[in-house]
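Peer 1: Let me see the structure of the following:
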Amino acid sequence: MFWQDEKRKADFAVPDDVVDVVFNIDCRELPVDHAHSLSTAIRRAAPWISEDAEIGVHSVHVAGSQNGWERPAHGTGTRLLLSKRTKLTIRAPKHAVERLEHDLGGAVLDVDGCRLAVRDAHTRLLSKQGTLQARYVVAESVDESDEAFLGRMARELSTLGIRVRRALCGRTNLLTTPAGPIATRSLMLADLTPDESVLLQRRGLGPLRQMGCGIFIPHKGIDSVRGAEDD
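Peer 2: Below you'll find the predicted structure:
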């Protein structure tokens, strides 16, 4: 019997040097494509964030459908309807947490004409789960093929010492910026070891972390996604 792998996972302690700072918010709606406008609003309230490359701003996400409401198509002209449980999450090194809570707690942000009031916060450790997803990772172009994108990701991950065992990318989404649209793909990775998982969450992948790109979060798994695509 070989229980070494399971024991290693159980014994792995997630470090607290990088955490997610989870803010309660009051906000009725946001543009579906809000990455740039949210980043701009946050940096307006806390300008020093621009100088800290370790800080990443999660995109605000809601379920694909709820109570008969369907998530609208990606774009700045369509709106997400937020519930009272929706959070604003910022990934940050431990030394920046207190300053984030001070500068953003109580702030009222203007996100492309939508009012977002930031309330109190708590911190959350990163996950040691073996399946992670990034909703947006910067692509080379809208024409970059699945094979080219996944191959490039594998090479970038290898520089971090992370071996790709199973990976799945999603369709292209364009993030709106004043300089023009940025092509992105979602990326899911499975069968990561706990230390690989935490490393990837700490380091991220690719540029534009403060626009929500390259930020990895736990996911229920690749098999369920493949099953949904096959239905």
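Peer 1: Could you look up the SS state of the closest residue to residue 126 other than its chain neighbours?
Peer 2: Setting aside the residues directly before and after it, residue 126 is nearest to residue 201 in space (CB to CB, 6 or more residues apart in numbering), at 4.5 Å. Where C-beta positions appear, they are placed from N, C-alpha and C, glycine not excepted. Secondary structure, DSSP: H, G, I helix; E, B strand; the rest coil: residue 201 is helix.
Peer 1: Tell me which residues touch residue 201, please.
Peer 2: When the contact criterion is CB atoms under 8 Å, 6 or more residues apart in numbering, the partners of residue 201 are 18, 91, 126-127, 132, 215-217.
Peer 1: From the residues you listed, which land in strands?
Peer 2: Counting by DSSP state E, the part of the contacts of residue 201 found in strands is 18, 91, 132, 217.
Peer 1: looking at it, the second one is touching residue 52, isn't it?
Peer 2: To tie it back to what came earlier, the one meant is residue 91. No. Counting by CB atoms under 8 Å, residue 52 is not a contact partner of residue 91; they are 11.1 Å apart.
Peer 1: Name the nearest residue to residue 153, ignoring sequence neighbours.
Peer 2: Taking CB to CB, 6+ apart, and ignoring the residues beside it in sequence, residue 153 has residue 187 as its nearest neighbour in space, at 6.1 Å.
Peer 1: for this protein, what spans make up the strands?
Peer 2: Assigned by DSSP E, the chain shows strands spanning 18-26, 29-31, 56-57, 65-66, 69-70, 79-81, 87-93, 108-111, 114-125, 132-138, 166-175, 182-190, 217-218.
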